[in-house]
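Asks: Predicted model, plus sequence, below.
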Amino acid sequence: MAKGKDVRVTVILECTSCVRNSVDKVSIDKVSRGISRYITQKNRHNTPNRLELKKFCPYCYKHTIHGEIKK
């Protein structure tokens, strides 16, 4: 039988610096081509808060903080 609330849930991590710089803003020297996203899992009991990990963003060309977003 399936449980109502699973302990491990799938979360989406999104680059915070790409979102802050906004894809809508277009400048001549720095053009953002998208927003970096990663899919991972977390244990709901061990980490009840939003997850933040340092991951590589191919659009920023550096390691940035990726935060959990809603689906």
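Replies: Alright, I've got the coordinates.
Asks: ok, and what's touching the lowest-mean-pLDDT helix or strand in the chain?
Replies: Across the helices and strands of the chain, mean pLDDT, DSSP states H and E gives its lowest value to helix 16-21, namely a mean of 80. Under the contact criterion CB atoms under 8 Å, 6 or more residues apart in numbering, helix 16-21 has outside partners Lys30, Ser32, Gly34, Ile35, Ser36, Cys57, Tyr59, Cys60, Thr64, Ile65, His66, Gly67. Any C-beta I mention is one placed from the backbone N, CA and C, and that applies to glycine too.
Asks: what residue ranges in this protein score low on pLDDT?
Replies: Along the chain, the parts satisfying pLDDT under 70 run over 1-4, 21-33.
Asks: show me where it has strands.
Replies: 8-15, 37-43, 52-57, 62-69 (DSSP state E).
Asks: Format these as JSON lines; extra columns: mean neighbour count.
Replies: Listed next are the strands of the chain as JSON lines, based on neighbours: other CB atoms under 10 Å:
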{"stretch": "strand 8-15", "mean neighbour count": "16"}
{"stretch": "strand 37-43", "mean neighbour count": "13"}
{"stretch": "strand 52-57", "mean neighbour count": "14"}
{"stretch": "strand 62-69", "mean neighbour count": "15"}
